[in-house]
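Asker: Sharing a sequence plus its predicted fold:
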Amino acid sequence: MLPQRLTLALILAIVVFFIAVLWLLKNRRLALKYTLLWFLTAFLMLLLVLFPGLMNFAASLVGIQSRMNALYIFLIAFLILLVFSLTSIVSRQTDRIRSLAQAQAILEKRVRELEEETFPADPGGSGSQSGMTDGNGGKTDPADTDAGVSA
Amino acid sequence: MAEKKKSVLLLIAAYNEEENILQVAEEITTRCPDADYLIINDGSTDGTERICREHRLTHVRLPINLGIGGAIQTGYRYARDNGYEIAVQLDGDGQHDPAYLTRVLEPILTGEADYVIGSRFVSGEGAGFQSTGARRFGIRFLSALIHILCGVRVRDVTSGFRAVNRRFIETFAENYPTDYPEPEAIMDAVMRRGRIREVPVVMRERAGGVSSINLKRSVYYMIKVSLDIIVCRISYGFRREKRST
């Protein structure tokens, strides 16, 4: 058994952690799906603090002599898993950002050309040449722009 | 002039190429009047965008720097959306002479190939800019790796002077490798049963600015690209595309 004082301190720490997660969730700085993971983590930690015997069981399950060693190994494994999943999330987001940037760039060109056609005297560009733009902007049909506005 | 639809689009990726871009664009418009061009300003931090606007060059501006792969893919998406039949990629630093455009286009126009690579190492033309010894060794290694893995011999695997037909415009618009995409794109095309052809071109040394690859990065480059190629071979091994033609 853990000393009573330590148990209390750990429980307090877990409660603070729990509140911190809730607080982030409330302020919408953490997506719900990741919050669940952290809740689960907090719950597991609480279980281990309340029933340290579980650690003995887990250690013997994978053949580790010392309970503390088992704890460290599980902890590190958990962290590695976490970092791994974060890398995968980052990769996916990189893909999405790339795709967005490309779509934005192509749209920006269309907008620029439309503006040049609609406002040929715009002080930004040399107006007389607006007919020279290569015409992709000109082919935009109204339905397209409507969809863009309502989206 | 604006209404006549051209079927060939030249893609020029430019990252901080204020010294070269105007010259490249002018050369293209005078030498290749039958093709449209699109400059992809890959989030440049110098005056590239200003030059493009001042001289009314056809260009798109990426809000962030995506690297050559992401930039070129923007071009393929543009080509797909605007119905171009052939897309040709050129470097924005003036290394690629538009005079060789017809040669690169020919195998695609005759339907002999889906993906044509302008190569420095295929015989048929004088030496020109051949790159340094170390880099040539690296290219040879990657070339051999691709040859071993999929049985297709491409000599100049890092050449950025390439032409693709409509089929691969659509493929690459959906999916194009990032970081150092050239060798992997070849692998991609081979695994999708694209017919690849290398044609001899002469390349010049870049006129100004700095090359994106330096010695420090080349080790990372070799490891990364080799891994890309191997992973590409493995992942396609399970689901090879049916030949469409």
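Answerer: Thanks, I have it.
Asker: Let me know the pLDDT of residue 82.
Answerer: Using chain A here. Per-residue pLDDT puts residue A:82 at 89.
Asker: looking at chain B here, not the other one
Answerer: You'll see residue B:82 listed with a pLDDT of 93.
Asker: what do you get for residue B:41?
Answerer: 94.
Asker: Tell me how many other residues crowd it.
Answerer: Residue neighbour count, defined by other Cβ atoms under 10 Å in any protein chain shown, stands at 27 for residue B:41. C-betas here are computed from N, CA, C, even on glycine.
Asker: Excluding chain neighbours, what is closest to it?
Answerer: Nearest residue to residue B:41, sequence neighbours excluded (Cβ to Cβ, 6 or more residues apart in numbering or on different chains): residue B:61, at 4.6 Å.
Asker: Please identify the helix or strand for the residue most central in space within chain A.
Answerer: Residue closest to the mean C-alpha point of chain A, counted by Cα atoms, centre = their mean, is residue A:89 at 6.7 Å. If you go by DSSP states H and E, residue A:89 is part of helix A:67-118.
Asker: just checking, what packs against that helix?
Answerer: Counting contacts by 3 or more Cβ pairs under 8 Å, 6 or more residues apart in numbering or on different chains; DSSP states H and E, helix A:67-118 packs against helix A:53-61, strand B:59-61, helix B:67-81.
Asker: Let me know which of the ones you listed is the nearest to residue B:21.
Answerer: Distance to residue B:21, taken as Cβ to Cβ, is lowest for strand B:59-61 among those, at 8.8 Å.
Asker: What average pLDDT does the closest one get?
Answerer: 94.
Asker: need the residues of chain B near chain A, please.
Answerer: Counting by Cβ under 8 Å from any Cβ of the partner chain, chain B comes close to chain A at B:1-3, B:36, B:40, B:53, B:56, B:58-64, B:66, B:70, B:73-74, B:77-78, B:81-82, B:178.
Asker: could you redo the last one with a cut-off of 6 Å?
Answerer: Near chain A, the residues belonging to chain B are B:2, B:58, B:60-64, B:66, B:70, B:74, B:77-78, B:82 when assessed by Cβ under 6 Å from any Cβ of the partner chain.
Asker: List the buried residues for the longest helix anywhere in chain B?
Answerer: The longest helix of chain B (DSSP state H) is helix B:215-238. Buried residues in helix B:215-238, counted by 16 or more other Cβ atoms under 10 Å in any protein chain shown: B:221, B:225, B:228, B:229, B:232, B:233, B:236.
Asker: Could you check how far the third one is from residue A:85?
Answerer: Think residue B:228. 23 Å (Cβ to Cβ, to the nearest Å).
Asker: part of a helix, is residue B:198?
Answerer: No - applying DSSP: H, G, I helix; E, B strand; the rest coil, one finds residue B:198 to be strand, outside a helix.
Asker: Show me what the nearest residue to it once chain neighbours are set aside bridges to in the sheet.
Answerer: Nearest non-adjacent residue to residue B:198, counting by Cβ to Cβ, 6+ apart: residue B:119, 4.3 Å away. With DSSP bridges applied, residue B:119 shows beta-bridge pairing to residue B:200.
Asker: circling back: now for the longest helix of chain B, which elements pack on it?
Answerer: Helices and strands touching helix B:215-238, by 3 or more Cβ pairs under 6 Å, 6 or more residues apart in numbering or on different chains; DSSP states H and E, are helix B:133-150, helix B:181-191.
Asker: any weak-confidence spans in chain A?
Answerer: A:1, A:121-151 (pLDDT under 70).
Asker: that older thread, pull the number of nearby residues for the residue nearest to residue B:198.
Answerer: When neighbours are counted by other Cβ under 10 Å, residue B:119 registers 23.
Asker: Equivalent analysis for residue A:99, please.
Answerer: Residue A:99 has 15 neighbouring residues, counting by other Cβ under 10 Å.
Asker: in chain B, what spans have low per-residue confidence?
Answerer: Checking chain B against pLDDT under 70 turns up B:1-4, B:123-132, B:206-215, B:237-245.
Asker: circling back: need the helices and strands packed on helix B:215-238 in CSV (columns: distance to residue A:36 and mean neighbour count).
Answerer: Listed next are these as CSV, based on distance: least, Cβ to Cβ, whole Å; neighbours: other Cβ atoms under 10 Å in any protein chain shown:
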stretch, distance to residue A:36, mean neighbour count
helix B:133-150, 42, 16
helix B:181-191, 37, 24
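Asker: And the ones you listed: which comes nearest residue B:96?
Answerer: helix B:181-191 (12.9 Å).
Asker: Between strand B:196-200 and that closest one, find me the angle.
Answerer: Using axes from the mean of the first three to the mean of the last three Cα atoms, to 10 degrees, the inter-axis angle of helix B:181-191 relative to strand B:196-200 is 130 degrees.
Asker: just the buried residues of helix B:215-238 now: which is nearest residue A:7?
Answerer: Nearest to residue A:7, judged by Cβ to Cβ, of the buried residues of helix B:215-238 is residue B:228 at 51.7 Å.
Asker: hang on, residue B:158 in a helix?
Answerer: No - assigned with three-state DSSP, residue B:158 falls outside any helix and is coil.
Asker: Relative to chain A, how far out is it?
Answerer: Going from residue B:158 to chain A by Cβ to the nearest Cβ, to the nearest Å gives 22 Å.
Asker: now residue B:236
Answerer: Distance from residue B:236 to chain A, counting by Cβ to the nearest Cβ: 19 Å.
Asker: And residue B:91, how far from residue A:15?
Answerer: 60 Å.
Asker: With neighbour numbers in mind, choose between those two.
Answerer: residue B:91 (21 against 12).
Asker: So residue B:20 sits against residue B:91, correct?
Answerer: No - using Cβ atoms under 6 Å, residue B:20 is not in contact with residue B:91, being 9.1 Å away.
Asker: Of all the residues in stretch B:8-23, which ones are buried?
Answerer: Within stretch B:8-23, the residues that count as buried by 16+ other Cβ under 10 Å are B:8-22.
Asker: Can you get me the start-to-end distance on that stretch?
Answerer: Counting by Cα to Cα, to the nearest Å, you get 20 Å between the two ends of stretch B:8-23.
Asker: roughly how far is that stretch from the heart of the chain?
Answerer: 12 Å (Cα atoms, centre = their mean, to the nearest Å).
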